[in-house]
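Novice: let's see this in three dimensions:
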Amino acid sequence: MAASGKSSICIVGAGAIGGLLGVELSRQGHVVTFFARGAHLAAMQEAHALKLIKPDGTVVQSSADSVFTGSLANVPVQDVVVLGLKMHQIASVLPALPGIVGEHTVILTTQNGIPWWYFQEYNGPAEFRNRTVEAVDAGGALKTGIDSGKIIATVVYPAAHISRPGEVVHVEGVRFPVGEPSGATTERVTRVSGMLVAAGFKAPVLADVRGELWLKLWGTVAVNPLSALTHATLDELCTVDYSRAVVMSVMREVEAVAARLGSTMRVPIERRVDGAARVGRHRTSMLQDCEAGREMEVQTIMGAVVELAELCQVDIPCIRTVYGTVRMLAHVMRTQRVRICPIALDAAGK
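Specialist: Numbers count the residues shown, from 1 in each chain. As a prediction, this is how the structure comes out:
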């Protein structure tokens with residue numbers, strides 16, 4: 001960190017959440033490099049800015065000294081590296097990470113689901129320590145390629161999406177709680193929390209970041225695949241009685257797996273579901289991927305939970321049913337090279 005208190009920050013994966021973080025951090029004077037690809041990158045480079053539309057409609061953009069790149073090769077060592085990629089995309093940047101990660105660099109992880117580092121720096125049951133979560137890190141490439149001692153985790157609660165290349169819409173939410181995987185309260189996690197708070201987010205330091213990951217995943221395992229399968233929005237899934245029943249059945253099974261691994265949920269199921277319903281007509285990330293024809297985070301969000309349930313010998317019949325069905329959806333999308341999205345009927349019902 002510079003003497004001014006401002007940091008060099010690289011957003012590795014400047015999509016919806018990475019872009020949201022990057023814009024707001026740059027507006028606090030940090031020097032932010034946005035790493036992206038395709039039309040999104042091209043639009044940012046042309047405008048030399050990433051536009052952010054806030055929940056109240058206010059439009060802001062990244063600072064004038066921001067950098068936009070499709071290659072990490074020429075990016076210098078950073079104070080903070082925000083891994084904004086989805087879990088299955090991280091392996092593609094592993095060879096380039098050593099060039100931007102130095103002795104004192106912090107790696108802030110933002111991924112949904114059970115992370116590859118879950119059993120590293122782990123204080124839960126000794127029988128599980130240092131295991132590889134194969135569903136999200138087959139062969140342990142991420143586990144061996146990313147120093148777990150540099151990781152600070154954040155649990156992402158805001159909803160955001162890319163409305164068009166070069167433009168991110170922040171729908172709602174400002175919570176990015178952070179924590180050391182070891183549970184320690186360190187100078188660096190306090191510093192990262194302070195950076196996020198100064199940028200307008202709520203970022204308390206957690207003593208049990210895995211517990212918070214489970215709290216987020218608790219609902220995600222239920223609503224993300226069901227939204228992709230049904231094209232229902234978050235409020236519909238959590239309020240229509242028959243879908244709400246499935247959501248709650250999945251959540252009870254997730255809770256049982258988390259408990260076996262030493263984590264307990266700090267709110268009742270009903271309160272968690274009601275909170276999700278209040279988000280409104282939000283299309284989950286898996287639904288957005290389904291409709292855009294992108295690879296869905298099936299293994300990250302569901303496969304890892306199935307793997308951990310098997311490890312813990314916890315019965316999860318409802319999760320297995322939803323998991324098998326959404327895997328079939330992903331298979332159809334991949335083999336037929338299609339995106340699956342609703343087509344509105346006209347007034348005649350055609």
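
Novice: ok, and the closest non-adjacent residue to Ala199?
Specialist: Distances taken as CB to CB, 6 or more residues apart in numbering put Glu24 closest to Ala199, at 4.1 Å, once the chain neighbours are dropped. All C-beta spots, glycine's among them, are computed from the backbone N, C-alpha and C.

Novice: tell me which element that neighbour is part of?
Specialist: Glu24 is part of helix 16-26, with elements assigned from DSSP states H and E.

Novice: which is the next helix or strand following that helix?
Specialist: Once the chain leaves helix 16-26, the next helix or strand it forms, by DSSP H and E, is strand 31-35.

Novice: strand partners of that following strand, parallel vs antiparallel please.
Specialist: Here strand 31-35 is paired, per DSSP bridges, with strand 8-12 (parallel), strand 67-69 (parallel).

Novice: mind giving me the packing neighbours of the helix or strand that comes right after that strand?
Specialist: Proceeding N to C from strand 31-35, the next assigned helix or strand is helix 38-47, under DSSP H and E. Using 3 or more CB pairs under 8 Å, 6 or more residues apart in numbering; DSSP states H and E, the elements in contact with helix 38-47 are strand 67-69.

Novice: may I see the buried residues of the following helix or strand past the strand it packs on?
Specialist: Next along the chain after strand 67-69, taking DSSP H and E as the criterion, comes strand 78-83. Judged by neighbour count (16 or more other CB atoms under 10 Å), strand 78-83 contains these buried residues: 78-83.

Novice: tell me the two of those that are most distant?
Specialist: Greatest spacing in those, by CB to CB: Asp79 and Leu83 (14.5 Å).

Novice: check the secondary structure at Ser92 for me.
Specialist: Following DSSP: H, G, I helix; E, B strand; the rest coil, Ser92 is assigned to helix.

Novice: list the contacts of the residue lying closest to it once chain neighbours are set aside.
Specialist: Using CB to CB, 6+ apart and skipping residues adjacent in sequence, the residue nearest Ser92 is Leu85, 7.9 Å away. Leu85 is in contact with 12-13, 15, 18, 92-93, 111, counting by CB atoms under 8 Å, 6 or more residues apart in numbering.

Novice: export these as a markdown table, with columns for distance to Lys54.
Specialist: Below are the contacts of Leu85 laid out as a markdown table (distance: CB to CB, whole Å):
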| residue | distance to Lys54 |
| --- | --- |
| Val12 | 24 |
| Gly13 | 21 |
| Gly15 | 17 |
| Gly18 | 17 |
| Ser92 | 31 |
| Val93 | 29 |
| Gln111 | 24 |
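
Novice: list only buried entries from these.
Specialist: 12-13, 15, 18, 93, 111.

Novice: can I get these in a markdown table including pLDDT?
Specialist: Shown next, in a markdown table, are these (pLDDT from 0 to 100):
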| residue | pLDDT |
| --- | --- |
| Val12 | 98 |
| Gly13 | 97 |
| Gly15 | 95 |
| Gly18 | 98 |
| Val93 | 96 |
| Gln111 | 93 |
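
Novice: closest one to Gly280 out of those, please.
Specialist: Gly15 (21.4 Å).

Novice: do a quick rundown of the helices in the stretch 101-250 of the chain.
Specialist: In the stretch 101-250 of the chain, the helices defined using DSSP state H, counting those that start in this stretch lie at 141-145, 187-198, 209-230, 234-239, 241-260.

Novice: cool, thanks, talk later.
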